[in-house]
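> give me a model of this one.
(chains A, B, C, D, E and F)
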Number of protein chains: 6
Amino acid sequence: MHYDLPLERLQEYAPDLPEPADLDDFWARTLAPLRRDASYERVDNGLVGVETWDVVLSGYAGDPVRAWLHLPAAALRSGPLPGVVQYQGYNGGRGLPHEHVLWATAGYAHLVVDTRGQGSGWTTGATGDPAGSGPAQPGFLTRGLDDPDTLYYRRVYADAVAALEVLRSHELVDPARVAVAGGSQGGGISTSVAALVPSSVAAVLADVPFLCDFRRAASVAQAEPYLELVRYLAAHRDRVEQTFATLAYVDAAVLAPRATAPALFSVALMDVTCPPSTVFAAYHRYGGPTATKEIDVYEYNDHEGGGAYHQARQLAWLAQVL
Amino acid sequence: MHYDLPLERLQEYAPDLPEPADLDDFWARTLAPLRRDASYERVDNGLVGVETWDVVLSGYAGDPVRAWLHLPAAALRSGPLPGVVQYQGYNGGRGLPHEHVLWATAGYAHLVVDTRGQGSGWTTGATGDPAGSGPAQPGFLTRGLDDPDTLYYRRVYADAVAALEVLRSHELVDPARVAVAGGSQGGGISTSVAALVPSSVAAVLADVPFLCDFRRAASVAQAEPYLELVRYLAAHRDRVEQTFATLAYVDAAVLAPRATAPALFSVALMDVTCPPSTVFAAYHRYGGPTATKEIDVYEYNDHEGGGAYHQARQLAWLAQVL
Amino acid sequence: MHYDLPLERLQEYAPDLPEPADLDDFWARTLAPLRRDASYERVDNGLVGVETWDVVLSGYAGDPVRAWLHLPAAALRSGPLPGVVQYQGYNGGRGLPHEHVLWATAGYAHLVVDTRGQGSGWTTGATGDPAGSGPAQPGFLTRGLDDPDTLYYRRVYADAVAALEVLRSHELVDPARVAVAGGSQGGGISTSVAALVPSSVAAVLADVPFLCDFRRAASVAQAEPYLELVRYLAAHRDRVEQTFATLAYVDAAVLAPRATAPALFSVALMDVTCPPSTVFAAYHRYGGPTATKEIDVYEYNDHEGGGAYHQARQLAWLAQVL
Amino acid sequence: MHYDLPLERLQEYAPDLPEPADLDDFWARTLAPLRRDASYERVDNGLVGVETWDVVLSGYAGDPVRAWLHLPAAALRSGPLPGVVQYQGYNGGRGLPHEHVLWATAGYAHLVVDTRGQGSGWTTGATGDPAGSGPAQPGFLTRGLDDPDTLYYRRVYADAVAALEVLRSHELVDPARVAVAGGSQGGGISTSVAALVPSSVAAVLADVPFLCDFRRAASVAQAEPYLELVRYLAAHRDRVEQTFATLAYVDAAVLAPRATAPALFSVALMDVTCPPSTVFAAYHRYGGPTATKEIDVYEYNDHEGGGAYHQARQLAWLAQVL
Amino acid sequence: MHYDLPLERLQEYAPDLPEPADLDDFWARTLAPLRRDASYERVDNGLVGVETWDVVLSGYAGDPVRAWLHLPAAALRSGPLPGVVQYQGYNGGRGLPHEHVLWATAGYAHLVVDTRGQGSGWTTGATGDPAGSGPAQPGFLTRGLDDPDTLYYRRVYADAVAALEVLRSHELVDPARVAVAGGSQGGGISTSVAALVPSSVAAVLADVPFLCDFRRAASVAQAEPYLELVRYLAAHRDRVEQTFATLAYVDAAVLAPRATAPALFSVALMDVTCPPSTVFAAYHRYGGPTATKEIDVYEYNDHEGGGAYHQARQLAWLAQVL
Amino acid sequence: MHYDLPLERLQEYAPDLPEPADLDDFWARTLAPLRRDASYERVDNGLVGVETWDVVLSGYAGDPVRAWLHLPAAALRSGPLPGVVQYQGYNGGRGLPHEHVLWATAGYAHLVVDTRGQGSGWTTGATGDPAGSGPAQPGFLTRGLDDPDTLYYRRVYADAVAALEVLRSHELVDPARVAVAGGSQGGGISTSVAALVPSSVAAVLADVPFLCDFRRAASVAQAEPYLELVRYLAAHRDRVEQTFATLAYVDAAVLAPRATAPALFSVALMDVTCPPSTVFAAYHRYGGPTATKEIDVYEYNDHEGGGAYHQARQLAWLAQVL
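Numbering: from 1, shown residues only, chains lettered A, B, ... in the order given. As a prediction, this is how the structure comes out:
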């Protein structure tokens, strides 16, 4: 069922979201200490067309973050490779060494990055989050809400930026041709990374992104994980305004105007997890009025969005853009 | 929740299933007319590591059946290739040209075969089923129940055998090293194909197979699509015995003793779609007492079974067996 | 919950639905070959007030279609009888010989017609559909969507017209006083039949009709079977426009302006299966501006609609109209 | 899913249910004051094959109870008629005058009796219950549980006996050939009436009866209305034993051995409302070891049981027995 | 999800609800016979800080109504006590002697009153309702709908007024400082009592009140018990207007303008049981344009509303107002 | 529904659970560093019968843990007070200052302790958990599963022991008469604390305890939060044995034999959250063969267990035991 705004109103939904006064300082302060350190260990993935390395990179506060680097097999590559950094959906991880090899099969250096503390769901991860939290809902969205400095997604975005720079500095990769990509939570992270380090991002693939326009999301979402936020506010009835003010620091729709790279978004009009209005909020704000951007609308899909159809679209679009 | 028999009883659950008197005749008659015709058209899959051909093969009654043939890129192959024929889960199809390329990336010639009439679900297909049906439940399981000759899965199994022979006769493929594989419906089809043409099958990968021990399944399954059968019997209260007698012709657990190839099964103990007892029924009967077979038990999984963990297991197992 | 448009907006909801250019040709071509053949065999229904015949009539492409003809017992009848042809709800069939005898008890010749391929649900049927389908969702709504010529409901409507003419040509029936009737799918069929052969229909009883205003239905319906269409479009993301263009050939709301007979509709405002707006779309378009028509609004009912209350209303209304 | 005992254990499930010491006194005292008064008013049911009278009879404590008397039209009848008294399922009522006319169409005098206080559900009623209740769950099952004398079903059973005697004393009816019948609650009432006034009952038709073996029912039922009892006991944790001791006075399985009439039961093995074990408890205890009785087992049905198939069976069975 | 009107429209939602012509007469007639009789028996509650008496008071028609009177322990009290009469949520009762002692611990004489016939749910009661009902839905909301005189809530409101007067006449209580309080059903009763006997009520605490603006409630509520009304109207399709006309006599939103006491309401914007619009209807109409009233809005809560946060608010607010 | 073992088998269910070899060392090492530091600040709770202090105590690793200390008002107390330390259910916290005052009203010094990191659910907390976790499911149960040393519940149990000692060392409290108490998670913590520091615990009140017999719980639980563990194992298919071996360190049923204090347990036979067999496992193992213990069985309750009825029982039982 189409439960959110009708399409014609979605196509103009570009809310004026309040931006924290110290937003740029906050992120400058957060990202400054990041280093590009990474270790690489070759692993056997059972495949002949893709080579895989186990990567440990240095994320927020120097915490180790795990990733797989997938490369096209040596026989398939020549010259510096374009790259894709892929961030994961909520509760997932980088998975097993053979699990996400499409971009490498398509000729890209592909870095599949864990999300700290996650990775016990549909795919598994190997990266913990050493930081704890104040009283929070089960889940990740409401961790650290007491202060922007302790926000869980502050650490995640910093890890994501570090991962991007690690791939860009790899000897086989062309640093000017690296895209960020992901669906759901990965789409939100991609959008935010594009806004935080615009000069490092050559393209953005953001599918049905999570982490956008939190106030609207809490009002209309019908499925996890935005409902974690609803339950948190249902318990902490006295922290509504403070909570949204804090979340603004990691709201991809708030950050989006800072981005500059060409972007391909997707949105699903029956998506009860990431409501279409929240996706359009990020899309319409993305990159300011002059950005090169497109959004593919999947009219009858829930959170699976465009699925393999959109993958084919991304393969074609990215081949042209990078 | 573990709702089926406890594991220790599952490990001995090998029911004595009645076999139709004319079972071998029925299948001999069904498979005899099959031909190995197939057309191949190269398609652009957007990838550098895998080549894909659009295959139209001749299935039951000569009906066209669509498949993708994925091969490792030329730079990656040498000598005759081992092969994998993959049958789909219920409601799925061969998908898009870039969608199931893992086996090719692992060095196999990989034929991804449509299931006639299906392919409008989690993956899409391009193969219709020109045959209709008597009064049936919405779905595929109860089509053609009036007579073994009109059973939907009779046609599906014949298509599956045809596809196997097509891959075995491909010039780049070693016909002695072709496996059949699939999950859920694809696992049931694989098991049945291994029983119907044992000399053509070098190995079987059957994950959480559907289409096994129908009477038990109708009694304990809690999710679609076995519930189609329950609803059919709830409506046609006068056809219970006739229905199970008819289904016996396509019951993978009934057919399984005829198989001879080494097999790797998997079962999930919280699987509400394909109850573990029905999988063990097929496994324990598979290949008779001397078969080379293993079953991996996923104790806390629902129908997703072993997922990527089991894929890794299959990559290793098949590399050894073929 | 009232989830669709509020009543005051429903009362003006008369969308301008696009009509295929060759719609009349399509149906002329479809209906031309129909014949009025039927065989009758008396069956024992266990009743003294109603006589029942097992009817096999010739439907689309000459396919056999089963029906029951119920007549008031001989002691109860005198002169040519008015008639009612009743089409079934989705997944149902003509049932058993004693099952739908109200209209005969009320003095009508009553033809209860199977829906081909259906009849394994709340009532059972005995009529198969020999035609298959391209890749489709489990269910009937998305069968044959590749082309208007192969649409499942093309065949169903043709069967329905044939059944109407069979009853009209029965020796005990007054051909000028035959109504078409049905609920849900049966209501959609009735409306379409009234539009396809207006001169043969003396009255229409359409309850909470299905098969109306498909695009709106796919957008707002919350229950099966319209969700089959939503899932089909969710899978075949590239066929949205083509699908609705094809369905227009069998959309009762598209066809409705061609009807001329007096009609009694009903609609339920909490109907999550056949959304009230889709029913009003058909009703408001029915018969053009001058039609004799009424619609009974059941404000707090779901798809059960007016139930026995509306049956009483129909008995009274039809007694007056015929 | 088959959630209750397996069929082979159901077929021997005949629990030894404790009987209140004063059970016979209790019922003698309850039934003694009943009178056979009834008023009849002819109503227009819109039908030609059935005549209907609005009956007001005198139930428990002289309270007015409404019923419809349906008779075959005069042209269809000759000699004293056999009769059927039909009791309703939970939450239903006698419905509208045209609503339950099958038995009359089959040649029986048919009395469709309201259940006091009910009749606002799937069918409507016109009979209130002037007696209130102590603290009770929403619903009817836990009303009056403080004392056997105030039990809701005490009044209902008394009404049911009165209705039976009213039909037996009707001038067109043969008092030696009157059956009691009903499904679910109506099946429980029928069974109890057969036990309370065995000499007045010529046959029993009890479908998927409710009100049997309450302790077992509270333990295994998964759907309303037995869950009213579970919730009542969940609230009144100190009244478990007292509650079951009180309910024993109206437990059809407790009363069943007193019955003598031939009986046709039905049971559905996937019935989550009236668990099959509770039905077998009543069936096996019915009429003692020498009773003429049968039970039809519907293996894949939920509470709809045998539906129209069983109706056909009942028409045939009753024609033979009466 | 915010499913009702948006907050800005809720803040102006003050419907013009039709008032029965004889509303004041009806209530004058109802309340006139009430007496202030009550018996008190001290019970052991296991506590040292609160003393509890078992109260039997005389309600509607002199029916006995049970309550607990909780007082601060003698060592804690001095001078006449302010009082709180608390009415219960749907299906609850006064509970056990130690169960609701917060107001007494806060220094108030606290009368916890049963709701007749209820008390078999989340808390238990000891008060029956000797009056029966015409055909009604399982539950309490639709009992007695045939006539305003037999309405269940007529009796409940009369009991509530009687309880208020009993507490006001207790020797330790200051009759000028007695509040009425409750959540959900208790909030609706409190509001109505404040309207029926405005001079006896010193303050109102109405949380997420039930029993307000029935027509709107039946249209938008998604959870019990308003759905009892929806189901009743779904069954009795011919009684829609009569039903709402009858319910107007006990609609707290209809009665609310008659109230004069200061009031603190609460509303939860995700409340699917008592829709926020129905609460705002009562609030905005409460006490006419000059009333001293406040409403606390809990933006992300369902029917639990403000919970303990609002209790703290009430403790502070009432300390100031009384 | 009774879905777990039947009562007669539950009453003998005392599994032989494997105990880690270094279990005592592990806990000695964990508890040794704890200190009894605590700060107290009086807060206004709006009550006259109970005084409340905001307590900050020093938990695991010296982390601050928040609690409320509720005392009977000065006018109500004399001599050293018996005490109750109450641990919270999953997702809850100490709540607001007026929220849990029953034990103080009953004359006990009552320490209501937060659970670190929780407190955003049905009650709120103010205590964070500074420690992070490896990849975990959303929720608390699977945090730190990589190693017994990092287990979340290791820290929680240490906090719980610290809180107990803080209350025992309060100047108004009799250290020989302090009980531990809680429901669900609080019941599991109470049981474990009684086992870890038996000489400090005078009595145990454990209601429907969580954290018992994890392997059984993962097999039969139907509701959160044990399902977190099921999902974790569904993802990490390779960690099943390691996970249960690690959890054994904090399994209350494993620890229970070490306890010595008199105990009152409760269990609910329809509890889908904490299955009755897991509760009986802890109960039967508790305190070895000679322990003074009782268990109250609530036969028709889900996880709410005995509710207020059991509170009354606890008030009486504890008054006798302490």
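> and the residue sitting nearest the centre point of chain A, what is it in contact with?
Closest residue to the average C-alpha location of chain A: A:Ile189 at 2.3 Å, with C-alpha atoms, centre = their mean. Taking C-beta atoms under 8 Å, 6 or more residues apart in numbering or on different chains, we find A:Ile189 in contact with A:Tyr87, A:Thr115, A:Val156, A:Tyr157, A:Ala160, A:Val180, A:Gly182, A:Leu211, A:Ala252. Glycine gets a C-beta too; all of them are placed from N, C-alpha and C.
> quick check, the last one in contact with A:Gly186.
No - in this structure A:Ala252 lies outside contact range of A:Gly186 using C-beta atoms under 8 Å: 11.1 Å.
> who has more neighbours, those two?
Neighbours around A:Ala252 and A:Gly186, counted as other C-beta atoms under 10 Å in any protein chain shown, are more numerous at A:Ala252. The numbers are 31 against 28.
> contact partners for the more buried one?
Each residue near A:Ala252 by C-beta under 8 Å, 6+ apart is listed here: A:Gly188, A:Ile189, A:Thr191, A:Ser192, A:Ala195, A:Pro209, A:Leu211, A:Cys212, A:Ala282.
> just A:Leu151 next, same as before
Neighbouring residues of A:Leu151 by C-beta under 8 Å, 6+ apart: A:Arg143, A:Gly144, A:Leu145, A:Thr246, A:Leu247, A:Tyr249, A:Val250.
> could you rerun that using 6 Å?
Applying C-beta atoms under 6 Å, 6 or more residues apart in numbering or on different chains, we find A:Leu151 in contact with A:Gly144, A:Val250.
> distance of it from chain E?
Plainly put, A:Leu151 is 19 Å away from chain E if you go by C-beta to the nearest C-beta, to the nearest Å.
> pLDDT at that residue, what is it?
Looking at A:Leu151, its pLDDT reads 98.
> give me the phi and psi for it.
Backbone torsions of A:Leu151, given as degrees, to the nearest 10, read phi -60, psi 130.
> likewise for A:Val55?
Torsion angles, degrees, to the nearest 10, at A:Val55: phi -110, psi 130.
> A:Val197 against A:Val161, yeah?
Yes - counting by C-beta atoms under 6 Å, A:Val161 is a contact partner of A:Val197 at 5.5 Å.
> quick check on those two: which one has the bigger neighbour count.
Using other C-beta under 10 Å as the criterion, A:Val197 and A:Val161 rank with A:Val161 on top: 25 against 21.
> circling back: among the contacts of A:Ala252, which are in helices?
Using DSSP state H, A:Gly188, A:Ile189, A:Thr191, A:Ser192, A:Ala195, A:Ala282 are the members of the contacts of A:Ala252 that sit in helices.
> which residue ranges of the stretch 51-200 of chain A form strands?
A:64-72, A:81-87, A:109-113, A:129-133, A:173-183 (DSSP state E, counting those that start in this stretch).
> just name the most buried of those.
Among the strands of the stretch 51-200 of chain A, strand A:109-113 has the highest mean neighbour count (mean count of other C-beta atoms under 10 Å in any protein chain shown), at a mean of 29.
> who does that one pair up with?
Applying DSSP bridges to the sheet, strand A:109-113 is found paired with strand A:64-72 (antiparallel), strand A:81-87 (parallel).
> in JSON lines: these, plus mean pLDDT.
Formatted as JSON lines, these follow (pLDDT from 0 to 100):
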{"stretch": "strand A:64-72", "mean pLDDT": "98"}
{"stretch": "strand A:81-87", "mean pLDDT": "98"}
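> for those, which one sits closest to F:Tyr232?
Closest to F:Tyr232 of the strands paired with strand A:109-113, according to C-beta to C-beta: strand A:64-72, at 18.1 Å.
> next, the angle from that closest one to strand A:129-133.
Strand A:64-72 and strand A:129-133 are oriented at 130 degrees to each other (axes from the mean of the first three to the mean of the last three C-alpha atoms, to 10 degrees).
> any idea how far strand A:64-72 is from the chain center?
16 Å (C-alpha atoms, centre = their mean, to the nearest Å).
> what's the answer for stretch A:100-116, then?
Worked out by C-alpha atoms, centre = their mean, stretch A:100-116 lies 14 Å from the chain centre.
> okay, buried residues for that stretch please.
Across stretch A:100-116, burial judged by 16 or more other C-beta atoms under 10 Å in any protein chain shown covers A:100-116.
> next: stretch A:282-293.
For stretch A:282-293, burial by neighbour count (16+ other C-beta under 10 Å) applies to A:Ala282, A:Tyr283, A:His284, A:Arg285, A:Tyr286, A:Gly287, A:Ala291, A:Lys293.
> quick one: contacts of that stretch?
Applying C-beta under 6 Å, 6+ apart, the contact partners of stretch A:282-293 are A:14, A:191, A:209, A:212, A:252-253, A:256-257, A:259-260, A:262-263, A:265, A:295.
> let's go with 8 Å and repeat that
Under C-beta under 8 Å, 6+ apart, the answer for stretch A:282-293 is A:12-14, A:17, A:188, A:191, A:206, A:209, A:212-213, A:252-254, A:256-257, A:259-265, A:267, A:295.
> for the record, mean pLDDT for stretch A:191-199?
Mean pLDDT, stretch A:191-199: 98.
> how near is the closest residue to A:Asp271 other than its chain neighbours to B:Ala261?
Nearest residue to A:Asp271 in three dimensions, chain neighbours excluded: A:His303, at 4.9 Å (C-beta to C-beta, 6 or more residues apart in numbering or on different chains). Between A:His303 and B:Ala261 the computed distance is 40 Å (C-beta to C-beta, to the nearest Å).
> now A:Ala312
35 Å.
> residues from chain A in reach of chain F?
Residues of chain A found near chain F (C-beta under 8 Å from any C-beta of the partner chain) are A:91, A:93, A:114, A:117-140, A:142, A:146, A:225, A:228, A:231-232, A:235-236.
> go through those residues and flag which are in helices.
Reading helices off the residues of chain A next to chain F with DSSP H, I get A:Glu228, A:Arg231, A:Tyr232, A:Ala235.
> with distance to E:Leu47 as extra columns, can I get the ones in helices among the contacts of A:Ala252 in JSON lines?
Below are the ones in helices among the contacts of A:Ala252 laid out as JSON lines (distance: C-beta to C-beta, whole Å):
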{"residue": "A:Gly188", "distance to E:Leu47": "52"}
{"residue": "A:Ile189", "distance to E:Leu47": "55"}
{"residue": "A:Thr191", "distance to E:Leu47": "58"}
{"residue": "A:Ser192", "distance to E:Leu47": "55"}
{"residue": "A:Ala195", "distance to E:Leu47": "59"}
{"residue": "A:Ala282", "distance to E:Leu47": "56"}
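> can you tell me which two in the residues you listed are farthest apart?
A:Ile189 and A:Ala282 (11.9 Å).
> which among the contacts of A:Ala252 gets closest to chain C?
Comparing these against chain C with C-beta to the nearest C-beta places A:Pro209 closest, at 18.5 Å.
> which one of the residues in the stretch 101-250 of chain A is closest to chain E?
Distances between the stretch 101-250 of chain A and chain E by C-beta to the nearest C-beta are smallest at A:Leu233, namely 3.9 Å.
> what's near enough to touch the nearest residue to A:His100 once chain neighbours are set aside?
Leaving aside its chain neighbours, A:His100 sits nearest to A:Val112 (5.0 Å; criterion: C-beta to C-beta, 6+ apart). Counting by C-beta under 8 Å, 6+ apart, A:Val112 touches A:Ala67, A:Trp68, A:His70, A:Gln86, A:Gln88, A:Arg94, A:Gly95, A:His100.
> okay, A:Val112: pLDDT?
We have a pLDDT of 98 for A:Val112.
> roughly how far does it sit from A:Phe140?
Relative to A:Phe140, A:Val112 is positioned 19 Å away (C-beta to C-beta).
> and the helices in the stretch 201-322 of chain A?
Taking DSSP state H, counting those that start in this stretch as the test, the helices found in the stretch 201-322 of chain A are A:214-220, A:226-235, A:240-247, A:252-255, A:276-285, A:307-321.
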